[in-house]
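In: Task: produce atomic coordinates for the following.
(chains A and B)
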Amino acid sequence: MSTGPTTTPATDPGIGAKLFLAWAFVGIPLLWGVILTCINAAKLFQ
Amino acid sequence: MATNFLDRSRSVAGPGFSRWLVPPAALCIHLCIGEAYAFSVFNKPLAQLLCAAQSACPPATAKVVSTTPGDWTIPELGWIFSVAIVVLGLSAALFGRWVERVGPRQSMFVAAICFAAGFFVSALGVSAHQLWLIYLGYGVIGGIGLGIGYISPVSTLIKWFPDRPGLATGTAIMGFGGAALIASPLSVLLMKSFSSATSNGVASTFLVLGVLYLIWMLVGSMIVRIPPAGWAPAGYVVPTTSHGLITARQVLRAQALRTPQFYLLWFVLFLNVTAGIGVLSQASLMIQDVLGVSVAAAAGFVGLLSLFNMGGRIFWASMSDFLGRKSTYVIFFVVGAILYALTPTLGNAHNIVLFVLAYCIVLTFYGGGFATVPAYLRDLFGTVEVGAIHGVLLTAWSAAGVAGPVLLNYIRQYEINSGVPKADAYGVTMYLMAILLVIGLLCNLAIRPVADRYYMPAGAEVPA
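Out: The predicted structure is shown next:
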C-alpha cells in the first residue's frame, strides 16, 4: 500500500464562492422541479 | 485559439481547485441530456401541428388526438425517443475511447453542440412539418449528444473520487434521472407562452430549449477539470493489491470485451433496465386502468416515479461504496422481484398507498442500476478505460429501451385481446418482470474477479 503522492493544496481564496455558485446553478432548477413534482404527486392521494 | 481551450492539457486542475466542482459540472450535462425522459410532453402537441394551425383540434377529452389529414400519429412520434435512445447507446460505444483520449471538456463541448443542434434541426422539422427532420435532429444528432454527454464526466469523476466512486457517479447520473422534473414543466410553460391562434408553440419551444441547454452544457464544460497526474485525495491510500472484485490493476476496453464479466454485467444492466423502463413507459395508463385514478393523479404518479428514479441513483450508488456493488445489485434483484410479484395483488386489493410505494421502490432500483454500474466497471476493470467500457455497456440500455416497452405493450394487448379485463392485464407482465429480475440476479451472482490474462502488464503504456 502507498499513500497518494500529491493533493491540490487549497490556496484559492474564492473557492467557497465558486462552489456555492456552481452548486446553485444546478441545484436551484432541480429544486424547482422537485417542488413542482411533489405538488403534482399530492393529487394522487387526494 | 478556442481549440486549445478544449484540449485535455488545458483542463488539468491547478492548485486550489476543489474536486467538489466536478459533480456540478457533470450535473450541467446530465440535467440537460436527461430531458429525453420528458420528451413525451411533446407527443400530443406534435400530433396536433396541422389541426392547431387551422384551429380545428378536437377537445382535450376526445379519444382522438387529431382528425386533420397529414397530422402525425402518436406511434410515429414514439419513434423519436426510441431512435434517440438507440443512438445514445451506439454513440457511447463508438465514441467511448475518443472521450477518454480528448478528455471531458472537449467531449462535453461536442455533446452540447450535438444536443442543441438536435433541437434546432427539430424546430426546422416542426416548421416545415417534416417528421424525418425530427428523427434526424432529436433522434440522431441529439442522440449522439446524449451518448457522448452521458459518458463524458463518468471516468473523470471516478478519478477525482477514488475513495467514493459510487457517490461521485451517482451524483452525475442522478441528474439524468432528475432532468425530466425540470424539462417537463419548463416545456409546458414555454409551449403555453409561445402558443397562438394558429400555433401550439412547439417550434419556438425547441429553439429556446436548444439555446438554454447549449448555455447550460457549455458552462459545465468550462467548469470541469481533470486531476493532475498522480493526484489523490488527502489521506487516501492508493490500494496496490486487489481484494474481492475490486482490482488494483487495469484492463483495456479491447480486453474487457473478451471477458465473461463484461457480458454478465451487460445482462445485469439490460434486465434491470428492461423491467424498469417497461413500467415507466406504461405507468400513467397502468394506474388509471388498475386503480381507476384520474388523468391528473396518474400524471402525479409518473412524477413521483421520476423523483424516486432520481433519488435511487444517488442513494444506491452511494450505498454501494459501503455495501459493495455485487451486494447492491443483489438487493435490486431480490427485493425488486418480490415487489413486482406483489403488485398485482396490491392492485387487486385497491391499496393505493402500498401499490404506489412498491413501484416507487422498484424505480429506485432502476435508477440505482444505472448509477452503480460505472463503479462496478471500475471495480472489475480499473480506471484507465472505464469510460470507454461504460460506453459499450450502454448498448444494453439501447436494447432494453426497445425490449421493455415492446414486451409490456405486447403482453398487455395480448391479454386484453384474450378477454382479460384491462385492470388485470398487467398481472402477467409483472410476473414476467419478476422472472427477468431473477435471471438478472443469477447473472450478477456469476460475476467473479477478472482473470489475470486480461490485465495490462505492470508498467505498460496506455495506447493512444
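In: State the number of residues packed around the closest residue in space to B:Ala117 that isn't next to it in sequence.
Out: Leaving aside its sequence neighbours, B:Ala117 sits nearest to B:Ile141 (CB to CB, 6 or more residues apart in numbering or on different chains; 5.2 Å). Where C-beta positions appear, they are placed from N, C-alpha and C, glycine not excepted. Residues near B:Ile141, counting by other CB atoms under 10 Å in any protein chain shown, number 22.
In: residue nearest the centroid of the chain?
Out: I went with chain A, as the question did not name one. Nearest to the geometric centre of chain A sits A:Trp23, at 3.9 Å (CA atoms, centre = their mean).
In: nope, chain B please
Out: Residue closest to chain B centre, computed by CA atoms, centre = their mean, is B:Phe176 at 5.8 Å.
In: shouldn't the residue nearest to the centre of chain A be in contact with B:Val22?
Out: No. Using CB atoms under 8 Å as the test, A:Trp23 is too far from B:Val22 to be in contact (11.6 Å).
In: before we move on, back to that, check the gap between the residue nearest to B:Ala117 and B:Lys326 for me.
Out: Distance of B:Ile141 to B:Lys326, computed by CB to CB, to the nearest Å: 38 Å.
In: Do you know the pLDDT at the residue in chain B that chain A sits nearest to?
Out: Taking CB to the nearest CB as the measure, chain B has B:Ala232 as its residue closest to chain A, at 2.4 Å. Note on B:Ala232: pLDDT of 88.
In: what's around it, how many residues?
Out: Using other CB under 10 Å: B:Ala232 sits among 19 other residues.
In: So it sits against B:Lys159, correct?
Out: No. Counting by CB under 8 Å, B:Ala232 does not reach B:Lys159; the two are 9.7 Å apart.
In: tell me the contacts of A:Trp23?
Out: B:Pro24 (CB atoms under 8 Å, 6 or more residues apart in numbering or on different chains).
In: pLDDT score assigned to it?
Out: So A:Trp23 comes in at 96 (pLDDT).
In: so what are the domain limits for chain B?
Out: B:17-55+B:74-228, B:240-451 (automatic domain parsing).
In: quick one, which of the ones you listed is packed in tightest?
Out: The highest average neighbour count among these, using mean count of other CB atoms under 10 Å in any protein chain shown, belongs to domain B:17-55+B:74-228 at a mean of 22.
In: Can you pull out the low-pLDDT segments for the chain?
Out: The chain I'm using is chain A. Scanning chain A for pLDDT under 70 picks out A:1-11.
In: I was thinking of chain B, sorry if that wasn't clear
Out: Filtered on pLDDT under 70, chain B yields the residue ranges B:1-3, B:460-464.
In: measure B:Leu445 to B:Leu307 for me?
Out: Counting by CB to CB, the gap from B:Leu445 to B:Leu307 is 31 Å.
In: can you give me the strands for chain A?
Out: Using DSSP state E, the strands of chain A run over A:2-3.
In: meant to ask about the stretch 51-200 of chain B, not that
Out: Shown for the stretch 51-200 of chain B, no strands are assigned by DSSP state E, counting those that start in this stretch.
In: Show me which residues of it are close to chain A?
Out: B:Gly175, B:Gly178, B:Ala180, B:Leu181, B:Ile182, B:Ser184, B:Pro185 (CB under 8 Å from any CB of the partner chain).
In: Kindly provide the distance from the fifth one to B:Ala341.
Out: Yep, that's B:Ile182 we're talking about. 34 Å.
In: again with the fourth one
Out: Going from B:Leu181 to B:Ala341 by CB to CB gives 29 Å.
In: now for the helix or strand containing B:Val334, which elements pack on it?
Out: B:Val334 is part of helix B:325-348 when elements are defined by DSSP states H and E. Where contact means 3 or more CB pairs under 8 Å, 6 or more residues apart in numbering or on different chains; DSSP states H and E, helix B:325-348 is packed against helix B:260-291, helix B:295-323, helix B:352-381, helix B:427-445.
In: swap the cut-off to 10 Å and go again
Out: Using 3 or more CB pairs under 10 Å, 6 or more residues apart in numbering or on different chains; DSSP states H and E, the elements in contact with helix B:325-348 are helix B:165-194, helix B:260-291, helix B:295-323, helix B:352-381, helix B:427-445.
In: and the first one, how far from the chain's centre?
Out: If you compare the mean C-alpha spot of helix B:165-194 with that of the full chain, they lie 11 Å apart, counting by CA atoms, centre = their mean, to the nearest Å.
In: Spit out the contact partners of B:Ser204.
Out: Shown in contact with B:Ser204 (CB atoms under 10 Å, 6 or more residues apart in numbering or on different chains): B:Ala123, B:Val126, B:Ser127, B:Leu190, B:Met191, B:Ser193, B:Phe194, B:Ser195, B:Ser196.
In: Of all pairs in the residues you listed, which one is the farthest apart?
Out: B:Ser127 and B:Ser193 (17.8 Å; CB to CB).
In: And the helices in chain A, which stretches?
Out: Assigned helices in chain A, in chain order: A:15-42 (criterion: DSSP state H).
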